[in-house]
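Asker: Return atomic coordinates for the entry below.
(one chain, ligands or ions: 1)
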Amino acid sequence: MSDSIYGEYRETMEYVMQNMEARLSTINNRVFRETGEHLYEHFSCRIKSEESMREKCRRKNLPETPHSALVELKDGIGVRVICSFVDDIYKLVDEIKAFGDCEVIREKDYIRHAKENGYRSYHMILSMEVPFPDVEGRRPGIYLVEVQIRTIAMDTWASLEHRMKYKKNIPSQQLLVAELKRCADELASCDISMQTIRELIRAGE
Ligand code: 0O2
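Answerer: Model (predicted):
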């Protein structure tokens with residue numbers, strides 16, 4: 001019996017993660033062959049750490065079980081893809097939606113609808129069919145993957161904001177929130193400018 005919150009399904013989660021990595025690499029290579037440009041800069045995949053998953057279960061009043069970690073919470077397997085330009089994000093979303101064996105079960109466009117604090121990113125929860133059992137006893141099993149797609153600028157902001165979130169009780173909290181929001185909006189404006197520059201370069205080629 002495993003002590004992991006993911007139980008006996010941890011190995012299949014690794015399989016799903018590797019499978020996603022391979023698909024993303026294939027997409028980028030194909031787009032590069034077709035257009036001479038990559039669709040994304042880089043990506044990272046992770047299985048949420050035991051500690052974070054257990055903490056999230058407690059925060060959401062869920063029992064610390066494989067069912068909570070694999071079904072109730074949907075970000076046990078996470079993929080973050082970083083693109084150079086905003087329109088590449090939407091092209092990648094279309095590529096991912098075209099996967100034959102995955103279904104998008106949740107989608108949030110925090111780019112067109114930024115969060116109040118300025119956070120921007122495209123989020124999807126995919127359900128992927130795999131030839132192994134899942135926690136609900138199905139075979140083929142269904143595993144969930146959270147995909148976050150952002151530009152370099154959005155990622156820079158999110159990383160810094162995430163780090164600063166943990167520094168509580170600092171003076172001028174309100175001012176900092178407003179400043180962070182201002183930075184997010186300025187970066188979003190830079191993203192639009194960079195895309196316009198790319199379009200102008202392409203038009204002149
Ligand atoms: P971690 O440590 O990055 O995994 P959920 O929070 O997943 O139960 P929800 O609210 O539907 O459900 O999720 P949503 O809105 O899709 O956001 C989930 C993830 O997006 C977060 O995961 C963060 O990674 C990222 N995110 C969302 N909002 C913000 C934000 O304001 N700032 C930053 N920096 N990241 C954000 P976790 O589990 O919170 O954290």
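Asker: The most centrally placed residue in the chain: helix or strand, and which one exactly?
Answerer: If you average the C-alpha coordinates of the chain and look for the closest C-alpha using C-alpha atoms, centre = their mean, you land on Gln148, 1.8 Å from that point. Per DSSP states H and E, Gln148 falls inside strand 141-151.
Asker: Kindly report the same for Ile192.
Answerer: helix 173-204.
Asker: Which secondary structure elements does that helix sit against?
Answerer: helix 86-97, helix 152-165 (3 or more C-beta pairs under 8 Å, 6 or more residues apart in numbering; DSSP states H and E). C-beta coordinates here come from the backbone N, C-alpha and C atoms, glycine included.
Asker: what about that helix, near the ligand?
Answerer: No - Helix 173-204 lies apart from the ligand when judged by C-beta under 6 Å from any ligand atom; the minimum separation is 9.4 Å.
Asker: how near is the nearest residue to Leu187 once chain neighbours are set aside to the ligand?
Answerer: Beyond its immediate neighbours in the sequence, the residue positioned closest to Leu187 (C-beta to C-beta, 6 or more residues apart in numbering) is Ala153, lying 4.1 Å away. With the distance defined as C-beta to the nearest ligand atom, to the nearest Å, Ala153 ends up 13 Å from the ligand.
Asker: Arg54: what's it in contact with?
Answerer: For Arg54, the residues meeting the contact criterion (C-beta atoms under 8 Å, 6 or more residues apart in numbering) are Ile5, Glu64.
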